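Colleague: Structure of the sequence below:
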Amino acid sequence: MKLLLRTTDPTLIAFAQALLDGEGIATFEMDVHTSILHGSTFLLPRRLMVADRDHFMARATLIDNDFPTDVCPA
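Modeller: Predicted coordinates for the structure are as follows:
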């Protein structure tokens, strides 16, 4: 799996998942409960992962939909 998106904004993650689901690309969200365990709801970033084979298309989909480049590592 490869990192596609890292952000503290849950709306960006939900939007990315909806876009990628529409393209038939499976995603896996990591670190969902980590910030809750540490007592700070949106302090720690969440990560959105995709399969290695889907990474290129997933990144292109996010860029085509004007996602901020600072949350999409290269």
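Colleague: where are the low-confidence patches of this structure?
Modeller: Filtered on pLDDT under 70, the chain yields the residue ranges 35-42, 74.
Colleague: 90 instead?
Modeller: Scanning the chain with the threshold set as pLDDT under 90 gives 7-11, 30-46, 66-74.
Colleague: remind me, longest helix of it?
Modeller: Criterion DSSP state H: the longest helix present in the chain is helix 10-22.
Colleague: which residues touch that one?
Modeller: Helix 10-22 has contacts (CB atoms under 8 Å, 6 or more residues apart in numbering) with 4-5, 7, 26-27, 29, 42, 46, 48, 50, 58, 61-62, 65, 67-68, 71. From N, CA and C alone the C-beta is placed, and that goes for glycine too.
Colleague: Strands of this structure, start to end?
Modeller: 2-7, 27-30, 46-50 (DSSP state E).
Colleague: picking that back up, quick one, the longest helix of the chain and strand 2-7 angle?
Modeller: With axes from the mean of the first three to the mean of the last three CA atoms, to 10 degrees applied, the angle from helix 10-22 to strand 2-7 works out at 150 degrees.
Colleague: Identify each buried residue in helix 10-22, please.
Modeller: Neighbour-count burial for helix 10-22, counted by 16 or more other CB atoms under 10 Å, picks out 12-13, 16-17, 19-20.
Colleague: ditto for stretch 46-66
Modeller: Applying 16+ other CB under 10 Å to stretch 46-66 flags 46-50, 54-55, 58-59, 61-62 as buried.
Colleague: now stretch 55-73, how far from the centre of its chain.
Modeller: 9 Å (CA atoms, centre = their mean, to the nearest Å).
Colleague: In PDB, list the C-alpha atoms belonging to it.
Modeller: Extracted as PDB, the C-alpha positions of stretch 55-73 are listed here (Å, rounded to 0.1, in the frame of the first residue of the first chain):
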ATOM      1  CA  HIS A  55      -1.600   5.000  -6.700                       C
ATOM      2  CA  PHE A  56      -0.900   6.700 -10.100                       C
ATOM      3  CA  MET A  57      -4.600   6.800 -11.000                       C
ATOM      4  CA  ALA A  58      -5.700   7.800  -7.500                       C
ATOM      5  CA  ARG A  59      -3.200  10.700  -7.400                       C
ATOM      6  CA  ALA A  60      -4.300  11.900 -10.800                       C
ATOM      7  CA  THR A  61      -7.900  11.800  -9.800                       C
ATOM      8  CA  LEU A  62      -7.200  14.000  -6.700                       C
ATOM      9  CA  ILE A  63      -5.100  16.400  -8.700                       C
ATOM     10  CA  ASP A  64      -7.800  16.700 -11.400                       C
ATOM     11  CA  ASN A  65     -10.200  17.600  -8.700                       C
ATOM     12  CA  ASP A  66      -8.000  20.400  -7.300                       C
ATOM     13  CA  PHE A  67      -6.900  18.800  -4.100                       C
ATOM     14  CA  PRO A  68      -4.300  20.800  -2.200                       C
ATOM     15  CA  THR A  69      -0.800  19.600  -3.200                       C
ATOM     16  CA  ASP A  70       0.500  19.900   0.400                       C
ATOM     17  CA  VAL A  71      -1.800  17.000   1.500                       C
ATOM     18  CA  CYS A  72      -0.800  14.700  -1.400                       C
ATOM     19  CA  PRO A  73       2.800  13.700  -1.000                       C
END
